[in-house]
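Peer 1: generate a structure from the sequence data that follows.
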Amino acid sequence: MMRTLPVLLLMLFAGCTESTTDPELTDSGVSSSETMQTDLFSFDAGGNKLVGMLDSPEDQEATATIILVHGYGATNVVEQNWYYNLRTRFAGLGINTLVWDKPGCGQSEGKFDINQPVESSAAEVVAAVRALQDRNVKGSDKIGLWGISRAGWIAPLAMQAEPAIDFWISVSGTDDKENARYLLASNFPIEGRTAEETEQLVGEWQAQFNTGWQDATYQEYLDAAPNLRADPFIALLGWNGVATEAEFLAYKAGYEAGAFVVDEQTELEVYVPDFRQLLASLDKPVLALFGEKDTNVDWRSTARLYRQTIGENPNAALSIQTFPDANHNMRQSKTGGVREMQAQDGNTPYAEGYHEAMLNWLVAEGFGRPSASAAP
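Peer 2: Residues are numbered from 1 along each chain as shown. Predicted structure coming up:
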């Protein structure tokens, strides 16, 4: 769903500027007393053989299975043993974990597409659910999703398509709209821009974005954001390129053909049409976790959206918890800014209580068995 039109769009999936160390990826500093068995697990989706890892608790029969749904970017799950800390914690509750490499990454077939549509990613999740159940994997009678950032769009789409999905843990989730404007408005002050400079730069971003879907010429696109294009933070993000006229016209043609939709009230692209109705239809337990220093996605907007949709569904069960010092990756942070987040590594502590919130919720909802890892 992301259109690769440099600077004009400045569009990123929520979390595309996550540090190269995603949450949970490098956890060598965290030890676990729990044991699990890990096996390669492959399945077919979209004409590709996708390869990942299936963990199962070694000393007890699995009570459920959690599928990990990636955020933005390429993956290297098997070779680098991604999400090890999270997987061992879930195993300690008697829960399986399944995670795989995106197409064209690791041992998975296909071609990696950094702009892979969220609908395609959701179809992979559905294919994984059906592979687990077709093979009668123990613990596949209860299947849930854990996902971060961009997975906030993928998980609800998968749940709509596959009723066998029983629960969802949403981390740093998204609302239905483009998040680049929020990211810029949140980060420019951290980068030292004044309130006036921030307003001007964000205004230039909006003006340039609008040339793609309003009545504007290629020259107006080129002229819309001179200060923004020259800003060093934009260079840090890699957003200082310039679209060719052909790219600009192709983008406008896509909008005119209905390939994407802009909400004229907010002047932002809508990534999942009818997303509010989709969330309202979910009748499963949902745990939503947010860092209050998240400068990538507008967590306040997402939390409000969840409360107004899932929270109003009498057949659903919504729990929301926020962490004052956590950034988008749920790591402890001073500013929450993109630059600081990119400098963090696997030794940066998680928000206090972040893992415990998930473990305790899983036990309380009946998906896992109590263990020492799930202490209050």
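Peer 1: okay, and residue 197 sits in which element?
Peer 2: Assigned by DSSP states H and E, residue 197 belongs to helix 195-210.
Peer 1: now for the following helix or strand past that helix, which elements pack on it?
Peer 2: The helix or strand immediately downstream of helix 195-210 is helix 218-223, counting by DSSP H and E. Other elements packing on helix 218-223 under the criterion 3 or more Cβ pairs under 8 Å, 6 or more residues apart in numbering; DSSP states H and E are helix 245-256. Where you see a C-beta, it was placed from the backbone N, CA and C, and this is true even at glycine.
Peer 1: could I get the buried residue list for the helix it packs on?
Peer 2: 247-248, 251-252, 255 (16 or more other Cβ atoms under 10 Å).
Peer 1: tell me the mean pLDDT over that helix?
Peer 2: Mean pLDDT, helix 245-256: 92.
Peer 1: what's the following helix or strand after that helix?
Peer 2: Past helix 245-256, the next helix or strand by DSSP H and E is strand 261-263.
Peer 1: look up how far residue 362 lies from residue 63.
Peer 2: Distance, residue 63 to residue 362, using Cβ to Cβ, to the nearest Å: 9 Å.
Peer 1: my bad, should have said residue 196
Peer 2: 47 Å.
Peer 1: give me the most central residue, the protein.
Peer 2: residue 149 (2.0 Å; Cα atoms, centre = their mean).
Peer 1: quick one: the helices in the protein?
Peer 2: 77-80, 84-92, 118-134, 151-161, 180-190, 195-210, 218-223, 226-230, 232-237, 245-256, 275-280, 299-308, 338-343, 354-364 (DSSP state H).
Peer 1: what's the burial count for residue 361?
Peer 2: 21 (other Cβ atoms under 10 Å).
Peer 1: again, but for residue 45
Peer 2: 22.
Peer 1: is it correct that it is in contact with residue 129?
Peer 2: No. In this structure, residue 45 is not within contact of residue 129 by Cβ atoms under 8 Å, at 10.7 Å.
Peer 1: quick one, phi/psi of the residue nearest to residue 234 when sequence neighbours are not counted?
Peer 2: Using Cβ to Cβ, 6 or more residues apart in numbering and skipping the chain neighbours, the partner closest in space to residue 234 is residue 240 (4.9 Å). Phi and psi for residue 240, reported as degrees, to the nearest 10, are phi -100, psi 20.
Peer 1: the one 4 residues further on now?
Peer 2: For residue 244, the backbone dihedrals (degrees, to the nearest 10) come out as phi -80, psi 170.
Peer 1: okay, now it: neighbour count?
Peer 2: 12.
Peer 1: hang on, the earlier thing: in TSV: the helices of the chain, plus distance to residue 140.
Peer 2: Below are the helices of the chain laid out as TSV (distance: least, Cβ to Cβ, whole Å):
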stretch	distance to residue 140
helix 77-80	20
helix 84-92	14
helix 118-134	4
helix 151-161	15
helix 180-190	38
helix 195-210	43
helix 218-223	50
helix 226-230	49
helix 232-237	40
helix 245-256	39
helix 275-280	24
helix 299-308	27
helix 338-343	35
helix 354-364	16
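Peer 1: the strands in the stretch 1-150 of the chain, which residues?
Peer 2: Secondary structure of the stretch 1-150 of the chain by DSSP state E, counting those that start in this stretch: the strands cover 36-45, 48-57, 64-69, 95-100, 143-148.
Peer 1: touching, residue 94 and residue 65? I think so.
Peer 2: No. When contacts are counted by Cβ under 8 Å, residue 94 is not listed as touching residue 65 (10.6 Å).
Peer 1: could I get the pLDDT score of residue 146?
Peer 2: At residue 146, pLDDT is 98.
Peer 1: what's the local residue count around it?
Peer 2: For residue 146, using other Cβ under 10 Å, the count is 24.
Peer 1: state the distance from the closest residue to residue 283 other than its chain neighbours to residue 198.
Peer 2: Spatial nearest neighbour of residue 283, chain neighbours left out: residue 315 (3.7 Å); criterion: Cβ to Cβ, 6+ apart. Residue 315 is 43 Å from residue 198, where distance means Cβ to Cβ.
Peer 1: higher neighbour count, the two?
Peer 2: residue 198 (17 against 8).
Peer 1: so who does that one touch?
Peer 2: 184-185, 188-189 (Cβ atoms under 8 Å, 6 or more residues apart in numbering).
Peer 1: how about the helices of the chain, which one is nearest residue 40?
Peer 2: Using Cβ to Cβ as the measure, helix 77-80 is the one of the helices of the chain that comes nearest residue 40, at 7.1 Å.
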